[in-house]
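> What would the 3D arrangement of this be:
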Amino acid sequence: MNSKFFLHLARRFKLLAFSGLLALNSCTTYKQPNLVLIYVDDLGYGDISCYGTIKINTPNIDKLAANGLMFTNAHCPSATCTPSRYAMLTGEYAWRRPGTGIARGDAGMIIDPWRTTLADVFKEAGYATGMIGKWHLGLGPEDGPDWNGLITPGPADIGFDYSFLIPATGDRVPCVYVENERVVSLDPDDPIKVSYREPILDEPTGLDHPELLKIHPSHGHNQTIINGISRIGYMSGGKSARWVDEDMADTLTARALEFIEKNRNHPFFLYFATHDIHVPRVPHSRFAGKSGLGPRGDVILQLDWCVGTIMEKLEELHLTENTLVIFTSDNGPVLDDGYEDQAVELQNGHLPSGPFRGGKYSAFEAGTRIPCIVYWPGKVKTGKSEALINQVDFISTFAVMLGVELEEGDAPDSRDVYDALLGKTDHARDHLVEHNVNGTLSLVRDNWKYIEPTKAPRMNLNTNIELGNDTVPQLYNLEEDVGEKVNLATDYPGKIVELSVLLDELKEQPVRLP
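You can find the predicted model right below:
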C-alpha cells in the first residue's frame, strides 16, 4: 500500500472524529452556511436573460442575479464536461492527468478515491454531502462497472454521503439512474449489458431502424434506441430501470428537494448537476414549444424552473439566509450536438455565446467563459464583478471558509478566491489556463490571452464551432477585443514570450503568483 492510502485513512479517521463531535452538539445552532452548487450542462454566457439575451426569459435565474453577485469573467476549467467536472471537484487542471477526457458511458472511475475533493472538504467540516444529477466521471474499476451489482468506486469514495446520478450523459448508454452504488429499479431477471466496442443485437439501433425514432441524429448518436432516441453506445436489458427523458428534470429536482428536506437541521453541501441543456433535448410537455427557440430554448426554460423550485424549497424551510448558492456551467454552448432538434434553424437571432467567439469544445473565450452567479443574502455584495475566477478554485476557497486544512499536494491549481466570491474585491486570480477538446492550452493574464500553436483542426465540422486551434501563436487583448478578432502576436512578440514561458512553467507544475 502506498502513502496515499494511509493518508486517506488518516483523513477518514479525522473526519469520523469531527462528525462525532458535531453529533454531540445541537445541529440547529450551526453558523456555517449550506452550499447548493447548481452545475448546468452546456449553458452559454449569452443563454440567460440576466446576461443580456432578449430572446428568452429566465426569471428565476435572473432573481438570483438581481439579489446576488453576477460574474462577468468567470471560467470553467475546460471547454468540455468531464475535464471541467474533474478539475472543479479536485482543484487540479484535468490536462495534468491522463484519462480525464470526455468519458464513455462505461468508463471506470476517473477520480482517484485517495484524492481530496470538494466533497471531502465539506464532509470533514461535518456537512452532509449529496451529489444529484449528471456525473460523467466514470464509475467502478478501470475496466468499467458491474451495472447489475454494487457499482464502486463512485461518489461515495470521494466524499459524497448520498448520490442519485446519471452515469454519463443523456446521449450515452446506459440510460438508467444510479442511487448509492446501485441501478434504480433494476429487475435482476433482466440484467443490463453495455458495450462501446461492438453491437448488442438484442436492441434496435437508430442506424438500422430510423422509423422507430422520435428524434433523428444529425451526426453519430445512431446506436441503441432508448425511449425513441438513439444513443452513443449499445445497451440491452434493464427495461424497468430505463429513464424517460421527458421526466428527467422533474426526477432530479425531486431528489434534490428530498436531500434538502432531509438535511434541513444540519449543514449540507448539495452538488446539483442538471442535465439540461445537453442533448438530447427532450423537455417535459409543460415546457415543450414555449420558448419559440425550439427544444434547446424549451430546456432553458425547464432549467430555469429547476432553479426556481430549489430556491422555493430553501425559502419554505427558512434556509435562504444561511445557504450560499452558486449557479454556473460546465462549458460553453453548442447548437447542433448530434440531434436534429432545430437548434440552428430556430435560433432566431439568439446568441448563446454572447459577445464571445467559439463555443463548447473551443479554445476561444466562449468555450470556458460561462455564467456564474453567487447568492447569499446579507453576505454577498449584489451587482456585478469583473474578478477573474475559475471553478478549479472552489475547493481551496471553501476549505478556507470552513477552516479545513488541505494536505500538501491537494488541489494544486486551486486558489482561495473567497473575498471575490463575496464581492469584497474585484481581484482574485492573476492568471488562469483554458483547455479545449483537442488539449490546446490558452493562458489568460491581465486581460491578455495567449493560445499555444497546434496542428489540431480549426473547426469541428459536426457542430460548426471554431476550435481556436492554429499552427501559429495567437495573442488577443481581451479588454479591447473580447471577440478575439485580431491576432496581435506579431505586434507584441515580447508578450508572446512572457506568456508562453509562463504557460510552459505551469505545464511542469503550478506557479504561485499573487
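> Roughly how far does the most centrally placed residue in the chain sit from Ile54?
Note on the chain: the residue nearest the mean C-alpha position is Asp330, at 3.4 Å, using CA atoms, centre = their mean. Relative to Ile54, Asp330 is positioned 25 Å away (CB to CB, to the nearest Å). Every residue, glycine included, has its C-beta placed from N, CA and C.
> same deal with Leu213?
34 Å.
> Neighbour count: these two, which is higher?
Leu213 (17 against 9; other CB atoms under 10 Å).
> wait, the more buried one sits on Ile226?
No. Contact criterion CB atoms under 8 Å: Leu213 and Ile226 do not qualify, at 10.9 Å.
> Can you give me the domain assignment for this structure?
Structural domains annotated on the chain: 3-192+237-421, 431-508, as defined by automatic domain parsing.
> Export only the CA atoms of stretch 53-65, formatted as PDB.
Presented in PDB, the C-alpha positions along stretch 53-65 are these (Å, rounded to 0.1, in the frame of the first residue of the first chain):
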ATOM      1  CA  THR A  53     -30.300  37.800 -24.100                       C
ATOM      2  CA  ILE A  54     -33.600  39.300 -25.200                       C
ATOM      3  CA  LYS A  55     -34.800  36.100 -26.900                       C
ATOM      4  CA  ILE A  56     -35.600  34.100 -23.900                       C
ATOM      5  CA  ASN A  57     -36.700  34.900 -20.300                       C
ATOM      6  CA  THR A  58     -35.200  33.200 -17.300                       C
ATOM      7  CA  PRO A  59     -36.900  34.900 -14.300                       C
ATOM      8  CA  ASN A  60     -35.700  32.500 -11.600                       C
ATOM      9  CA  ILE A  61     -32.100  32.700 -12.600                       C
ATOM     10  CA  ASP A  62     -32.500  36.500 -13.000                       C
ATOM     11  CA  LYS A  63     -33.800  36.700  -9.500                       C
ATOM     12  CA  LEU A  64     -30.600  35.000  -8.200                       C
ATOM     13  CA  ALA A  65     -28.600  37.500 -10.200                       C
END
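> per-stretch mean pLDDT over the domains of the chain, give me the minimum one.
Looking over the domains of the chain, mean pLDDT reaches its minimum on domain 3-192+237-421, with a mean of 93.
> for that domain, the distance to its chain's centre please.
5 Å (CA atoms, centre = their mean, to the nearest Å).
> Show me where the stretch 251-400 of the chain has its helices.
Remark: helices assigned in the stretch 251-400 of the chain by DSSP state H, counting those that start in this stretch are 294-316, 394-402.
> circling back to that earlier point, can you give me the distance of the residue nearest to the residue nearest to the centre of the chain when sequence neighbours are not counted to Val486?
Closest residue to Asp330 apart from its sequence neighbours, by CB to CB, 6 or more residues apart in numbering: Ser84 at 4.5 Å. Between Ser84 and Val486 the computed distance is 28 Å (CB to CB).
> likewise Leu324?
Leu324 is 39 Å from Val486, by CB to CB.
> same deal with Phe327?
33 Å.
> Name the residue in those two with the higher neighbour count.
Phe327 (27 against 11).
> Hmm, Val307 and the more buried one touching each other?
Yes. Judged on CB under 8 Å, Phe327 makes contact with Val307 at a distance of 6.6 Å.
> who touches both of the two?
38, 61, 64 (CB atoms under 8 Å, 6 or more residues apart in numbering).
> ranking these by neighbours, who comes first?
Ile61 (28 neighbours).
> how close does that one get to Phe327?
From Ile61 over to Phe327 the distance is 6 Å, taken as CB to CB.
> Overlap of the contact sets of the two?
Common neighbours of Ile61 and Phe327 (CB under 8 Å, 6+ apart) are 307, 373.
> what's the burial count for Lys485?
By other CB under 10 Å, neighbour count at Lys485 equals 8.
> Give me the nearest residue to it, chain neighbours excluded.
Arg357 (7.4 Å).
> Tell me how far the one you found lies from Tyr86.
25 Å.
> ok, those two, which is more surrounded?
Per other CB under 10 Å, whichever of Arg357 and Tyr86 has more neighbours is Tyr86, with 30 against 21.
> mind exporting the helix or strand hosting that one as PDB, just the C-alpha atoms?
Applying DSSP states H and E as the criterion places Tyr86 in helix 81-90. The C-alpha trace of helix 81-90 is given here as PDB (Å, rounded to 0.1, in the frame of the first residue of the first chain):
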ATOM      1  CA  CYS A  81     -17.700  18.400 -19.500                       C
ATOM      2  CA  THR A  82     -15.700  15.600 -17.900                       C
ATOM      3  CA  PRO A  83     -12.400  17.600 -17.500                       C
ATOM      4  CA  SER A  84     -14.300  20.600 -16.100                       C
ATOM      5  CA  ARG A  85     -16.000  18.400 -13.500                       C
ATOM      6  CA  TYR A  86     -12.800  16.600 -12.600                       C
ATOM      7  CA  ALA A  87     -11.000  19.900 -12.100                       C
ATOM      8  CA  MET A  88     -13.800  21.500 -10.200                       C
ATOM      9  CA  LEU A  89     -14.000  18.700  -7.700                       C
ATOM     10  CA  THR A  90     -10.200  18.100  -7.300                       C
END
